[in-house]
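Q: any chance you can model this:
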Amino acid sequence: NSRASRWLTLTNCSSTRSNSSNSNSSSIDLYEACGTKLGKMIKLLKALPSTERSLVFVQYKSLTDDVANVFQEAGISTLNLSAGSTVAKQKTLRRFTKEPSAPKVLLLEVDSANAAGANLTIANNVFFVSPVVSDTQQEYDAWETQAIGRVRRYGQEKTVKIWRFVAKGTIDEDIVRIRAPQVLEEAA
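A: Prediction:
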């Protein structure tokens, strides 16, 4: 079981929509109109082999819904573990892990117990939309370890890749400086 981890430090974050009236503008215009981090994430997800599945961790439910909408606009089908009843969430997990035709991306809240104990080794890519905001170092480490532990566990046969997105010059960078300073040293 190989391990790979990447921190992507982005130089800017654009949150303004393009005013382009050209309906044939490149798809990257759409992605970057939703933010540089999501644009980069969409490119990475689309470049993955069709045999790979991914977990995308977001910290807040409202942001999870926004990410789902942006992915849908970009043509990426997702399953969302943050929505619905307990039974619906169980069906979502079962669909993601058992159905070959199911969407290849599962959206989860990083601090939610929705996937607690779930073996999601069918996925081998873990994306963190942003660094985890937490009160303590212990909480930060626990949430991130729990999230990665969904795929990096006994029975995983693929190389696990961890993708963390940090927008340079924003609160993202401040969080990483406090919680995971070695990351900024590696990116330099």
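
Q: so which residues of this structure form strands?
A: 3-10, 54-58, 78-80, 105-109, 125-128, 160-167 (DSSP state E).

Q: run through who's touching the fifth one.
A: Applying Cβ atoms under 8 Å, 6 or more residues apart in numbering, the contact partners of strand 125-128 are 41, 44-45, 48, 52-57, 110, 144, 147-148, 150-151, 160-165. Where you see a C-beta, it was placed from the backbone N, CA and C, and this is true even at glycine.

Q: for residue 79, grab the count of nearby residues.
A: Per other Cβ atoms under 10 Å, the neighbour tally for residue 79 reads 21.

Q: you'd agree it is up against residue 103?
A: Yes: if you go by Cβ atoms under 8 Å, residue 79 and residue 103 touch, sitting 5.2 Å apart.

Q: what segments of the protein are helices?
A: Along the chain, counting by DSSP state H, helices occupy 27-33, 36-47, 61-73, 86-98, 137-149, 171-179, 181-187.

Q: who wins for proximity to residue 118 among those?
A: Nearest of these to residue 118, taken as Cβ to Cβ: helix 86-98 at 5.8 Å.

Q: so which other helices or strands are in contact with the closest one?
A: Helix 86-98 makes packing contacts with strand 78-80 when contacts are defined by 3 or more Cβ pairs under 8 Å, 6 or more residues apart in numbering; DSSP states H and E.
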